[in-house]
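> Give me a model of this one.
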Amino acid sequence: MKRIALLVFIGFALTANAQTKKSVTKSQQKVIAVEKKKVVYQVFTRLFGNKNTTNKPWGTIAENGVGKFNDFTDKALTEIKNLGVTHIWYTGVPHHALVNDYTKYGISNDDPEVVKGRAGSPYAVKDYYSVNPDLAVDPSKRMEEFEALIARSHKNGLKVIIDIVPNHIARKYVGLNNPKGVRDFGADDNTGVEYDKNNNFYYIPGQPFQVPTSDSYKPLNGEEHPLIDGKFDENPAKWTGNGSRLAKPDINDWYETVKVNYGVRPDGTKDFPELPKGFDKKSYNEHFEFWKNKDVPSSWKKFRDIALFWTAKGVDGFRYDMAEMVPYEFWSYMNSAIKMKNPDAFLMAEVYNPNEYRNYIYLGKMDYLYDKVATYDKLKEVVQGKSSADGLTNIQNSMADIESHMLHFLDNHDEQRLASPEFAGSGEYGKPLMVVSATIGSAPTMLYFGQEVGEAGNENGGFGTHSRTSIFDYVGVPNHQKWMNGGKFDGGLLSDKEKELRDFYKRLLNFTLKSDGLMGQFEEIQTINRKETLNYDESKYAFVRWSVKEKLIIAVNFSKDKEADINLIIPAAIITKWKLKDGIYKVTDQLYGGVNQLQVVKGIGKIKVNLSSSGSFIYKL
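Reported below is the predicted structural model:
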């Protein structure tokens, strides 16, 4: 029977000789012991615990169901932790605009004409000092229920991440739970001018907001609703979240949001202090000291206070939406303030312009940025047969100075599901991508709930369509629901193939958490194998990783239907760096226990392997 996989991952650990061990200082040993991979598990909080399988397009919360904070039981969190996870990102926690009636709890209704979908976008935040009432069993105690989830997550060994969306907020922002002294966004704005440094928004004086219209889209799919009347009270109109300066945004604009003003004038010039030359090499402590007593825009202070509010509640880090649309000087200001309260805070951001990566890392004091434009996009092209795997080397080398900051992922709420026909085509075909994503760099790995059981996102939620799990609708997530098994969280309804896929993720992720070599050096062995190894075509990729303690060889096959017997070459330069003598070294599968041999002859290493479209190997010394 053919085994199901498309890769070979060959890893072996070589024990350093005594002389090498003696050369390592105590401080170096401490770093080696502490610095290991982190793994982020993103859950769309509203969908995670939903057991309803109706999936009616545009279905109501009563028809299609919704998950709750309380669905993250100790059992669920233990299983997530045991998958090989260190941090859990609860997506969609802050109270955002949605179409549901919570007026009996003092919450105002939102106009469907400025809400995307029925459940609403988690990136149109309505109240930063509260949480989504949909997620609470008792909406009047929604904050207490989330605080209990934070405590439960910590008890089960998981650090907590939530979203902060600094670039834009909901068109109707109403803070019901503001701490003493906190004023709502826009409450003190001078609305008679387009721009003022301390305005929270940009305005279009003399023009009221007009609801966007389209022949192809009707709010709530055209159903009647008392607030659907072609009007929304906003006068003067504000700039829209994506920067549109039209009083009537286009239907494709982020019309459900308004853009936040950070002291960037309409002509793009900066109305705040800039960081002095050389601050890219300064610590967060020095950044924090720089901003003391500086005159900064009102929006800076508001978002800093929001971050510190959640930090005080035990949130361990933040994922920043569209961070590059906000100046990096602000990030220096806010991130340094967070780090002063929690030096271990995990700060990751969405930045898609490679030319700005270093500014946001070194000047903005971000811990991690999405490696989307480079590694993710390349892997997607390779598995679809549109590109050669050779280009992965140039990507990694081009980011050598910042690779430890470039978070890798294959699936998230914005992207097409890895297992969807529009991406890899199945969870099995995604295996070699996952091996590369999880092992090519030292930065954290992120996966999206359901990815590990082959969720393909086939549902049409209404506003959201197939290939992505909708973030705008009340829907169920079928493969994840099979793993959830009515709240048992034991995978009882998964097929054997799906169970095997989750087991693969569990083995791989837990290996990365323990591996010392993955925090060390990278070097490609692609070039020599492409030139000299028989049956080694552009659908294969190989590289090595190593540290003082551990040496690893990694090779994958992206082909969906072609296997190859190859004699993988480990070049003399690597063998020399590893101080290996001629001889035979036993290597053992790091995932499944198989045994193979690395043979070194005249200073060159070779391993005979079967790179199969239906098998997988991971070896360890």
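> quick one, phi psi at residue 480?
phi -60, psi -40 (degrees, to the nearest 10).
> Next one: it relative to residue 215, how far apart?
36 Å (C-beta to C-beta, to the nearest Å). From N, CA and C alone the C-beta is placed, and that goes for glycine too.
> Using CSV, write down the CA coordinates of stretch 550-560.
Only the C-alpha atoms of stretch 550-560 are listed here, as CSV (Å, rounded to 0.1, in the frame of the first residue of the first chain):
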residue,chain,number,x,y,z
GLU,A,550,22.4,19.4,16.2
LYS,A,551,22.9,19.0,12.5
LEU,A,552,19.9,18.6,10.2
ILE,A,553,19.4,17.7,6.5
ILE,A,554,16.0,18.6,5.1
ALA,A,555,14.6,17.6,1.7
VAL,A,556,11.1,17.7,0.2
ASN,A,557,9.2,16.7,-2.9
PHE,A,558,6.4,19.1,-4.1
SER,A,559,5.3,16.8,-6.9
LYS,A,560,1.8,15.5,-6.5
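> follow-up on the earlier one: so residue 480 and residue 215 - more neighbours on which side?
More neighbours surround residue 480 than the other of residue 480 and residue 215, with 24 against 6 (other C-beta atoms under 10 Å).
> How many residues are close by the closest residue to that one other than its chain neighbours?
Excluding the flanking residues, the one nearest residue 480 by C-beta to C-beta, 6 or more residues apart in numbering is residue 450, at 3.9 Å. By other C-beta under 10 Å, 28 other residues sit near residue 450.
> now swap in residue 553 and tell me
25.
> Am I right that residue 464 is in contact with residue 473?
Yes. Between residue 464 and residue 473 there is a contact at 5.4 Å, judged by C-beta atoms under 8 Å.
> Identify the residues contacting the spatially most central residue of the chain.
Closest to where the C-alpha atoms of the chain average out (C-alpha atoms, centre = their mean) is residue 446, at 5.5 Å. Going by C-beta atoms under 8 Å, 6 or more residues apart in numbering, residue 446 touches 39, 40, 41, 42, 89, 407, 408, 409, 412.
> Serialize these to CSV and add fields for distance to residue 298, secondary structure and pLDDT.
Output for the contacts of residue 446, formatted as CSV (distance: C-beta to C-beta, whole Å; DSSP: H, G, I helix; E, B strand; the rest coil; pLDDT from 0 to 100):
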residue, distance to residue 298, secondary structure, pLDDT
39, 37, strand, 98
40, 32, strand, 98
41, 35, strand, 99
42, 31, strand, 98
89, 28, strand, 98
407, 31, strand, 98
408, 36, strand, 98
409, 34, strand, 98
412, 32, coil, 97
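> Would you mind putting the residues you listed into CSV with distance to residue 75 and neighbour count alongside?
Converted to CSV, those look like this (distance: C-beta to C-beta, whole Å; neighbours: other C-beta atoms under 10 Å):
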residue, distance to residue 75, neighbour count
39, 19, 21
40, 21, 24
41, 15, 24
42, 20, 21
89, 20, 26
407, 28, 23
408, 29, 26
409, 26, 23
412, 25, 24
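> Take those residues and lay them out in CSV including distance to residue 442.
Shown next, in CSV, are these (distance: C-beta to C-beta, whole Å):
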residue, distance to residue 442
39, 13
40, 15
41, 19
42, 20
89, 20
407, 11
408, 10
409, 15
412, 20
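> Just the closest of the residues you listed to residue 290, please.
The shortest approach to residue 290 among the contacts of residue 446 belongs to residue 407, at 26.7 Å (C-beta to C-beta).
> Give me the phi and psi angles of the closest residue to the closest one other than its chain neighbours.
Nearest non-adjacent residue to residue 407, counting by C-beta to C-beta, 6+ apart: residue 368, 4.2 Å away. Dihedral pair for residue 368: phi -140, psi 140, per degrees, to the nearest 10.
> what's the pLDDT at the residue nearest to the centre of the chain?
The per-residue pLDDT reported for residue 446 equals 98.
> beta partners of it?
Per DSSP bridges, the residues bridged to residue 446 are residue 40, residue 409.
> how close does it get to residue 423?
On the measure of C-beta to C-beta, residue 446 and residue 423 end up 16 Å apart.
> Over to residue 390?
Residue 390 is 21 Å from residue 423, by C-beta to C-beta.
> What distance do you get for the nearest residue in space to residue 136 that is not next to it in sequence to residue 162?
Residue nearest to residue 136 in three dimensions, not counting chain neighbours: residue 142, with 3.6 Å by C-beta to C-beta, 6+ apart. Plainly put, residue 142 is 14 Å away from residue 162 if you go by C-beta to C-beta.
> picking that back up, was I right about the residue nearest to residue 480 contacting residue 476?
No. Using C-beta under 8 Å, residue 450 makes no contact with residue 476, being 10.6 Å away.
> thinking again about what came up before, with respect to residue 588, which of the contacts of residue 446 is nearest?
Using C-beta to C-beta, the contacts of residue 446 come closest to residue 588 at residue 39, 23.0 Å.
> name the element the nearest residue to residue 433 once chain neighbours are set aside belongs to?
With C-beta to C-beta, 6+ apart as the criterion, residue 433 has its nearest non-adjacent residue at 4.7 Å, and that residue is residue 379. Element membership for residue 379 (DSSP states H and E) is helix 377-383.
> list the buried ones in the helix or strand that comes right after that helix?
Next helix or strand after helix 377-383 toward the C-terminus (DSSP H and E): helix 391-398. Using 16 or more other C-beta atoms under 10 Å as the test for burial, helix 391-398 gives 391, 392, 393, 395, 396.
> if we can go back for a sec, now do the contacts for the residue nearest to residue 433.
392, 410, 433, 436, 437.
> Same question for residue 103.
Residue 103 sits in contact with residue 109, where contact means C-beta under 8 Å, 6+ apart.
> Quick check: it vs residue 226, distance?
Distance from residue 103 to residue 226, by C-beta to C-beta: 12 Å.
> Tell me how far stretch 174-194 lies from the chain's centre.
The gap between where stretch 174-194 is centred and where its chain is centred comes out at 30 Å by C-alpha atoms, centre = their mean, to the nearest Å.
> now for that stretch, what's the gap between its first and last residues?
22 Å (C-alpha to C-alpha, to the nearest Å).
> buried ones in that stretch?
174, 175, 178, 182, 184, 185, 186, 189, 194.
> Then stretch 521-539?
Result for stretch 521-539 [16+ other C-beta under 10 Å]: buried residues 522-526, 528-530, 533, 536-539.
> now do stretch 565-585
566, 568, 569, 570, 571, 574, 575, 580, 585.
> List the contacts of it.
Contact with stretch 565-585 is made by 10, 12, 14, 17, 20, 523, 525, 528-529, 532-536, 540, 542, 544, 546, 551, 553, 555, 597-611, 621, as judged by C-beta under 8 Å, 6+ apart.
> On the three-state scheme, residue 607 is what?
Under the three-state scheme (DSSP: H, G, I helix; E, B strand; the rest coil), residue 607 adopts strand.
> List the contacts of it.
10, 553, 567, 568, 570, 587, 596, 597, 598, 599, 619.
> Then residue 323?
166, 167, 331, 349, 350, 351, 360, 364, 366, 369.
> What of residue 540?
If you count contacts by C-beta under 8 Å, 6+ apart, then residue 540 has 389, 529, 555, 556, 557, 558, 559, 564, 566, 611 around it.
> I figured residue 475 was touching residue 458, is that so?
No. Using C-beta under 8 Å as the test, residue 475 is too far from residue 458 to be in contact (10.8 Å).
> Could you check which of these two is surrounded by more residues?
Between residue 475 and residue 458, counted using other C-beta under 10 Å, the more crowded position is residue 475 (31 against 16).
> Quick check: chain neighbours aside, which residue is closest to the more buried one?
Here the residue nearest residue 475, using C-beta to C-beta, 6+ apart, is residue 461, at 4.4 Å.
> again, but for residue 163
Using C-beta to C-beta, 6+ apart, the closest residue to residue 163 is residue 319 (5.4 Å).
> tell me the SS of residue 561?
On the three-state scheme (three-state DSSP), residue 561 is labelled coil.
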